[in-house]
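Undergrad: Pasting the sequence and the predicted coordinates here, then a few questions.
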Amino acid sequence: MFRLSRLSLLFFVVLANACSLKAQFGPPEPQGSGPKLSTPTVFPPPGTYPTTESITLLDEDPEATLHYTLDGSTPTSKSPAYDPQKLLSIDGIYVGNQGLKSGYTIRAVAMREGRTNSEIANFEFVVDRRDHTAYVSEEILPGVRMIRDSDNDKMFLIRGAKKYALIDSGMGRGALRGYISQFTGGLPIEVIFTHNHPDHIGQADEFVRKSVEHIGEADRAGLVKLLASRGISDELIAKNVVSAHDGDRIDIGDRSLVIYAAPGHTPGSIVVFDEDTGYLFTGDAFGSNSPTVPDALWMQWSTTPLDRYLAMVKNCREKFHGKVKYIMTGHNDQPLVGEKYLDNLETALQSLMDEGDAVLVPSYRPSGLKQVVVGDRLHDHNWVAINVNQNTYLPAPIDKIAGLTRISVEGAKLSPIFSPAVTEYTVTVRAEIHAIGVIAEPTSTRSKVLSMNGEVLKAGVSNELPLTVKSRGVGIRVLSPDGTRTMDYVLKILKR
């Protein structure tokens, strides 16, 4: 009797398991008779992540349809079809300030008429959210500590002989100054904000009582508003919040950090360059290219044509002198290769000026926008994407663009800083100088004519301009690709 009961119990357990498996996996999907499709893959790879991630499903056959489930059940032809333009999201979860650990099972199968279905792929993900009050950090380059808040926003603590510089303060809710103090050894901290968005100035009130805070002049009002809302007095703000300007230097002891204006993402965006190491800290000024979100340079709010932004990038690169080794952005998990990323950024912007809407593709984030992309986010660490405002990103229809994105002079000083919208400049030259080099680059590489004082000017290289007693000015003319529009720039020569 006991043996029978045990066998009966075993039978019912097996039967229950079979029913459970049938409920979970369902009846087998009908198979085609052609070659079998490859099993789907996924990006990023399965594993544990600290924040919400976007998941990309992939298959070798571009004509295959990927069907998927998110609840662990078997995907069939009736399951949702994966849309490559609408990435899957695995979300982090909070209860108050406490971060929770959440698991996700994604199953996918490739299907195509005339082919045999692929094997079913299983992908296990975990999002392990840090508490809102928590910070983690690591030294990613000598003397540079990257700090992450609960939303994975990036801050950078730069070690100097006399003081530390903190670049941005994230949006966490913890005691950031207290966390940082374990690394500073009692040295003072000077704070630099790359711009005034909340995920970059969120903890500014923790530092302003004891530290000077620098921010681009056009973004200062946003920082002041946040500090006032946190109870910081007007007197303290006036004393310790300093407007940063192009060329300012912040001495941290054994070297100085140079601030360069980089308007575009916000009017007062700046970048911070350590000339000794070649490290460039950019916040969001040159974009972030996290491959899994995926991220981009957010220019969709800009109502200014992007030829001006391209000119700014070229101006900055001239000041960097090709010495940028690594770029630390506000949202990348690791440094970017400096000059390679800047090359891709400039290439993306130039393609907009040359080809316009033809190079735009749908944006992943935010959806509904358009962007230009250079590089493959799945394989190229230094890929670039730029979201655009389709109504304003071009200065004119692409065939009618007549303008420059660079004027540079060798052996003299150009003022003001070049901008496509400014057509008159002063070139200050020492009295003993008898010739200078002039470099000009048209907004459209398809421009038909580029001339200087009526003579053909070679684009992008130094053109010698002899200076005589009668030299008073230089005229540079650009003709649009269709030959219907011209734009003239004047350089007034001033000898001293």
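TA: Nice, thanks for sending it over. Numbers count the residues shown, from 1 in each chain.
Undergrad: Can you show me the strands along the stretch 201-350 of the chain?
TA: 213-216, 241-244, 249-251, 256-261, 270-274, 279-283, 297-298, 326-329, 336-337 (DSSP state E, counting those that start in this stretch).
Undergrad: what lines up beside the fourth one in the sheet?
TA: Which is strand 256-261. strand 249-251 (antiparallel), strand 270-274 (antiparallel) (DSSP bridges).
Undergrad: Identify whichever of those strands lies nearest to residue 49.
TA: For residue 49, the closest of the strands paired with strand 256-261 is strand 270-274, at 28.3 Å, according to CB to CB. No exception for glycine: its C-beta is placed from N, CA and C like everyone else's.
Undergrad: Let me have the strands paired with strand 256-261 in CSV, adding mean neighbour count as columns.
TA: As requested, the strands paired with strand 256-261 are exported to CSV (neighbours: other CB atoms under 10 Å):
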stretch, mean neighbour count
strand 249-251, 15
strand 270-274, 25
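Undergrad: The ones you listed: which one's closest to residue 302?
TA: Once the strands paired with strand 256-261 are compared by CB to CB, strand 270-274 is nearest, at 16.5 Å.
Undergrad: ok so, going back, nearest to residue 88, of the strands paired with strand 256-261?
TA: strand 270-274 (33.9 Å).
Undergrad: Go ahead and name everything in contact with that closest one.
TA: The contact list for strand 270-274 (CB atoms under 8 Å, 6 or more residues apart in numbering) reads 158, 165, 167, 192, 194-195, 215-216, 244, 255, 257-262, 279-283, 285-286, 316, 319-320, 324.
Undergrad: Residue 492 touches residue 428, doesn't it?
TA: No - taking CB atoms under 8 Å as the definition, residue 492 is not a contact partner of residue 428, at 9.6 Å.
Undergrad: What's the per-residue pLDDT of residue 1 here?
TA: Here the pLDDT value assigned to residue 1 is 32.
Undergrad: before we move on, what about residue 467?
TA: So residue 467 comes in at 86 (pLDDT).
Undergrad: That one contacts residue 432, correct?
TA: No - using CB under 8 Å as the test, residue 467 is too far from residue 432 to be in contact (10.4 Å).
Undergrad: Compare these two (neighbour count), which wins?
TA: residue 467 (18 against 6; other CB atoms under 10 Å).
Undergrad: Show the contacting residues for the more buried one.
TA: So residue 467 contacts 429, 433-436, 493, 495 (CB under 8 Å, 6+ apart).
Undergrad: who wins for neighbours among the residues you listed?
TA: residue 436 (22 neighbours).
Undergrad: Got the phi and psi for it?
TA: phi -130, psi 160 (degrees, to the nearest 10).
Undergrad: So among the contacts of strand 270-274, which ones count as buried?
TA: Buried residues within those, counting neighbours by 16 or more other CB atoms under 10 Å: 158, 165, 167, 192, 194-195, 215-216, 244, 255, 257-262, 279-283, 285-286, 316, 320, 324.
Undergrad: Now do the same contact list for residue 369.
TA: 300, 362-363, 387-388.
Undergrad: Please apply the same query to residue 352.
TA: 306, 359, 372, 386, 388, 393-394.
Undergrad: And the residues you listed, which of them are buried?
TA: Buried positions within these, assessed by neighbour count (16+ other CB under 10 Å), are 306, 372, 386, 388, 393-394.
Undergrad: Redo those residues as TSV? Include pLDDT and distance to residue 148.
TA: Putting these into TSV (pLDDT from 0 to 100; distance: CB to CB, whole Å) gives the following:
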residue	pLDDT	distance to residue 148
306	98	31
372	98	29
386	98	25
388	98	29
393	98	32
394	98	37
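Undergrad: List the ones among those residues that fall in helices.
TA: Residues of the buried ones among the contacts of residue 352 located in helices (DSSP state H): residue 306.
Undergrad: Just flag the most distant two among the buried ones among the contacts of residue 352.
TA: 386 and 394 (13.1 Å).
Undergrad: Now the common contact residues for the two.
TA: 306, 352.
Undergrad: Take the strands of the stretch 201-350 of the chain and write them to CSV, including distance to residue 175.
TA: As requested, the strands of the stretch 201-350 of the chain are arranged in CSV below (distance: least, CB to CB, whole Å):
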stretch, distance to residue 175
strand 213-216, 17
strand 241-244, 21
strand 249-251, 25
strand 256-261, 25
strand 270-274, 24
strand 279-283, 23
strand 297-298, 30
strand 326-329, 23
strand 336-337, 30
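Undergrad: circling back to that earlier point, which one of the contacts of residue 369 is nearest to residue 146?
TA: Within the contacts of residue 369, the smallest distance to residue 146 is 24.8 Å, found for residue 387 (CB to CB).
Undergrad: That closest one contacts residue 368, correct?
TA: No - with contact defined as CB under 8 Å, residue 387 does not reach residue 368; the gap is 10.4 Å.
Undergrad: Residue 117 touches residue 37, doesn't it?
TA: Yes - Residue 117 lies in contact with residue 37 (CB under 8 Å); the separation is 6.5 Å.
Undergrad: which residues are common contacts for those two?
TA: Common neighbours of residue 117 and residue 37 (CB under 8 Å, 6+ apart) are 110-111.
Undergrad: where's residue 379 relative to residue 291, distance?
TA: 9 Å (CB to CB, to the nearest Å).
Undergrad: Revised request: answer the last question for residue 224.
TA: For residue 224, the distance to residue 291 (CB to CB) stands at 36 Å.
Undergrad: Contact partners for residue 223?
TA: Per CB under 8 Å, 6+ apart, neighbours of residue 223: 193, 196, 201, 204, 213, 215, 241.
Undergrad: Could you measure from the nearest residue to residue 439 once chain neighbours are set aside over to residue 341?
TA: In this structure, residue 439 finds its nearest non-sequential neighbour in residue 408, 4.2 Å apart by CB to CB, 6 or more residues apart in numbering. Residue 408 sits 22 Å away from residue 341, going by CB to CB.
Undergrad: Those two: which is more packed in?
TA: residue 341 (28 against 17).
Undergrad: what sits opposite residue 426 in the beta ladder?
TA: Assigned bridge partners for residue 426, using DSSP bridges, are residue 415, residue 492.
Undergrad: ignore the last one, residue 328
TA: Here residue 328, judged by DSSP bridges, has bridge partners residue 281.
Undergrad: and it, how many neighbours?
TA: 25.
Undergrad: pLDDT wise, what is it at?
TA: 98.
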